[in-house]
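S.K.: Whatever this is, show me its structure:
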Amino acid sequence: MQISISNAIGGGGGAKGGGTPPFSNVNSFSFDGVDDYFIGTSTYSELDGQTKMTFSCWIKPTAVSTSVVASIKDTLGYEQMSIIRHSSGYLIAKIYGGTANRRTLTASPNIAPLNTWSHIVFTLDLSQSAGSRGVWYINGVNVTSSDSTNQAAMNTSGGGLRIGSRDVSSLLPFTGLIDEVAIWSGTDLRNDVATIYNNGEPTDLNNNGLTAPTTWQRMGDNATWNGATWTMTDVNGGYVNRSSNMVEANRTTDVPT
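M.R.: Numbering: from 1, shown residues only. Predicted coordinates:
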């Protein structure tokens, strides 16, 4: 289903009468839970040394499995950041400090259910008091149950932004659909999650009154197929992700509405 709003990504002149084309969301990507993923073509360094960040995307898991939505490894081979859906349906954010795994968990099982689109947001502010540095939101609601993040800053990246699995030890591939992956480096948007969620409809993240994302991978709506590989280019920073083992049919018209 096409979703339109008055402002568009980018600039002007596209529409008749000097306006801009409406924002639309008509495609996402489906991941098979075996060997489908996107990996950045260069090291993703936007989060290096940061004390604040926000991660947002839409997911529609279709199988019972512990799987990774997005991940970046650090120079030690651990995870600088990892966004995980547990097989019980709750969500985990892993932020490594040194070699220690610091985690923020959602409140209860089945909070990100199967075969349903859920909007997930993880925000981080390491200047906050203990227990409230990392916060989870599902469909605009704070669902955080525990938070043990306590490092001074995020580790240095040693790899690309990976979508659909992780790049350390077991890959934990994602089974289901992922759409509208966005990262705000240096910005904690915990007070603005309702604006990003937009009552359950993806919206133009560059024109919603908030800081624009550092990286915005629009998945199926900003991807090209060359006959063998999908290439996604970041809307804002030009960061490039390419698919592994994915075929043309991995792009689908099943999107959040």
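S.K.: hey, let's count contacts and neighbours off CA atoms from now on
M.R.: Fine.
S.K.: isn't Val235 right next to Thr215, touching?
M.R.: Yes - assessed by CA atoms under 8 Å, Val235 is found in contact with Thr215 at 7.0 Å.
S.K.: Are there residues contacting both of the two? Which ones?
M.R.: Residues touching both Val235 and Thr215 (CA atoms under 8 Å, 6 or more residues apart in numbering): none.
S.K.: Out of the helices and strands in the protein, which is least certain?
M.R.: strand 100-106 (a mean of 87; mean pLDDT, DSSP states H and E).
S.K.: The helix or strand just after that one packs against which elements?
M.R.: Per DSSP states H and E, the first helix or strand lying C-terminal to strand 100-106 is strand 118-125. Secondary structure elements in contact with strand 118-125, counted by 3 or more CA pairs under 8 Å, 6 or more residues apart in numbering; DSSP states H and E, are strand 52-61, strand 134-138.
S.K.: Who does the last one pair with, and is each partner parallel or antiparallel?
M.R.: Think strand 134-138. strand 118-125 (antiparallel), strand 141-142 (antiparallel) (DSSP bridges).
S.K.: Tell me what angle the first one forms with strand 100-106.
M.R.: It refers to strand 118-125. For strand 118-125 against strand 100-106, the angle by axes from the mean of the first three to the mean of the last three CA atoms, to 10 degrees is 130 degrees.
S.K.: Return the set of buried residues in strand 118-125.
M.R.: For strand 118-125, burial by neighbour count (16 or more other CA atoms under 10 Å) applies to Ser118, His119, Ile120, Val121, Phe122, Thr123, Leu124, Asp125.
S.K.: In a markdown table, list those along with distance to Thr257.
M.R.: As requested, the buried residues of strand 118-125 are exported to a markdown table (distance: CA to CA, whole Å):
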| residue | distance to Thr257 |
| --- | --- |
| Ser118 | 10 |
| His119 | 11 |
| Ile120 | 15 |
| Val121 | 17 |
| Phe122 | 21 |
| Thr123 | 23 |
| Leu124 | 27 |
| Asp125 | 30 |
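S.K.: gap between Arg218 and Gly134?
M.R.: Distance of Arg218 to Gly134, computed by CA to CA, to the nearest Å: 25 Å.
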